[in-house]
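Asker: Next come a sequence and a model predicted from it.
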Amino acid sequence: MTLLMKEISKSFGSNLVLDKVDFSLEGGQVKALLGENGAGKSTLMNILGGVLPADGGQILIDGQEVSFHNPRESLDHGIAFIHQELNLINDLAVYENLFLGREVHKKGGAIDHAAMKARTQEVFDRMGLDLDPSVMVRDLDASYKQIVEISRAMMMNAQLVIMDEPTTSLTDPEIERVFSMMRTLRNQGVGLIFISHKLGEVMEICDSYTVLRDGHMVASGLVKDTTSRQIAADMVGHELIMRERRSSERGEVVLKGEHLGDGHYFNDVSFEVHSGEVVGFTGLLGDGRSELFQAVFGAGKLTSGTLEVCGRPVTIHSTSQAVKLGLGYVPRNRKENGIIKDMSIFENGSLATLSSRRKGPFLDNERLEEDFARQKAGLSIKMGSEDDLITSLSGGNQQKVVLARWLSASPKILILDNPTQGVDVGAKEEIYEIILRLAGEGVAVVVLSSEAQEVIRVASRCYVMYHGRITASLEGGDMNEHNIMSLATGAGE
């Protein structure tokens, strides 16, 4: 299949989202579609996927002009859209998910499970996939769920597959499993559109790329002819200043754990964090770091070990107690745990200080407004009205609002779990600079991240975890990707 999108335009009211954008793809090619949040990537792909109509331009498949009024028409032309939020039902088997809404029936009307399993196996054989069609989806890891979605597209004879942030929640081995499947499809002549903020992955798996910025196509070419640094500059419109990690002026120990355990996710974990430093905790997904700091913050339970805050032994039973002790926590998975979608930007940014900003029985709205205005300016939050829903903001600005929530509470210790998940490269750098600035102001910052480069970028030292235990503490020249990955996989214990 050959795809050509010519001069695609789209507006929402007076907001011009796409301005005569060109995009093309050949079968047997993996093409990256890149840009900051709000650049127009999703709108362009929603037009291709039949979710949205274009205001202008043409879509040509194999030289023939087509138009899609709904996703079914797009799929009928061989285009499958695999969204970031996977559309699978955990309580059904793999083969049942593949045939959902298109079940095969016997003459008498009963569902022909054997026929559906056999057809599923044929697709798996074509893709070189060793997976039992009868296994329940809930028993699959995240990478195999991605592969099941890809398999469903192949069963529908898709010749072009759009993959929206497919590796966001995957470990490195899981990412490689998905990449292997993508290479198999590419070799079979399938075209793949790869939407991602992870430029290292783009350089590894993609043949070509297109960059959108503010609704315009600003760069396009072969991956082998560019660098991740140049792509990042294309995305943000200027050269990114990749500052060297600076050593921190460490103060006193403000958070200390000794032999901490919860009897399930982590065990015998000891660490210390000083004021004015950034400490990383890294490893692979499932290493226990999130559960460890949820327990430290009072959202989980410690069953063993001792915890000290500012030199005093404490037992934290609740998150409100943790806040009073000077802790703040930005959770992973912003959409599920960080923001409240039905609340405004201001309300989301003020949640952590509601109990402390009162005049008698009433909220001190004037002080809350002052707090938020100060954080909005300090964090450079780009927004319209503060009364707009939080979901009106880009991912990076939503994350800044969550940060504002906790900074308003003036924490001594700030725990950030995957602080740049799902934000673009420009917003990442802004958040990194915020983290380093906070450390410079004396805040102890704990960064939990599965991205080694992120930890290296901001932390002066890091703890590496594997299967619920700390395998090593690294700093200086020892804190590099090779050592971190070796320790995170258990090879360097």
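Answerer: Happy to help now that I have it.
Asker: Helices along the stretch 301-450 of the chain, start to end?
Answerer: Using DSSP state H, counting those that start in this stretch, the helices of the stretch 301-450 of the chain run over 319-324, 345-350, 365-379, 395-407, 425-440.
Asker: How about residues contacting the last one?
Answerer: With contact meaning Cβ atoms under 8 Å, 6 or more residues apart in numbering, helix 425-440 is reached by 36-37, 197, 199, 232, 235-236, 240-241, 246, 248, 276-278, 379-380, 394-397, 399-400, 403, 407, 414, 416, 419-420, 423, 445, 447, 454, 457-458. Yep, even glycine has a C-beta here, placed from its N, CA and C like the rest.
Asker: Buried ones among these?
Answerer: Buried members of those, scored by 16 or more other Cβ atoms under 10 Å, are 36-37, 197, 199, 232, 235-236, 248, 276-278, 379, 394-397, 399-400, 403, 407, 414, 416, 419-420, 423, 445, 447, 454, 457-458.
Asker: Tell me which of the helices of the stretch 301-450 of the chain lies nearest to L222.
Answerer: helix 425-440 (20.0 Å; Cβ to Cβ).
Asker: Give the buried residues for that closest one.
Answerer: Those would be 425-432, 434-436, 438-439, for helix 425-440 by 16+ other Cβ under 10 Å.
Asker: Ok, stretch 118-134 next?
Answerer: 119-121, 123-124, 127, 129, 131, 133.
Asker: now, which of those residues sits nearest M465?
Answerer: Nearest to M465 among these, with distances taken as Cβ to Cβ, is L131, at 29.4 Å.
Asker: Would you list the phi and psi of the closest one?
Answerer: phi -150, psi 130 (degrees, to the nearest 10).
Asker: hang on, K10 packs against L18?
Answerer: Yes - contact status for K10 versus L18: in contact at 4.3 Å, counting by Cβ atoms under 8 Å.
Asker: Comparing those two, which residue is more hemmed in?
Answerer: L18 (26 against 22; other Cβ atoms under 10 Å).
Asker: contacting residues around the more buried one?
Answerer: Here L18 is in contact with 8-10, 40, 43-44, 47, 54, 215 (Cβ under 8 Å, 6+ apart).
Asker: Over to V269?
Answerer: Residues counted as contacts of V269 (Cβ under 8 Å, 6+ apart) are 257, 259-261, 288, 292, 305, 465, 468-470.
Asker: Can you flag the buried ones in those residues?
Answerer: 257, 260-261, 288, 292, 305, 465, 468-470.
Asker: Just flag the most distant two among those residues.
Answerer: For those, and using Cβ to Cβ, no pair is farther apart than G305 and M465, which are 15.1 Å apart.
Asker: who wins for proximity to D388 among the helices of the stretch 301-450 of the chain?
Answerer: helix 345-350 (5.7 Å).
Asker: on contacts alone, who are the packing partners of the closest one?
Answerer: helix 365-379, helix 395-407 (3 or more Cβ pairs under 8 Å, 6 or more residues apart in numbering; DSSP states H and E).
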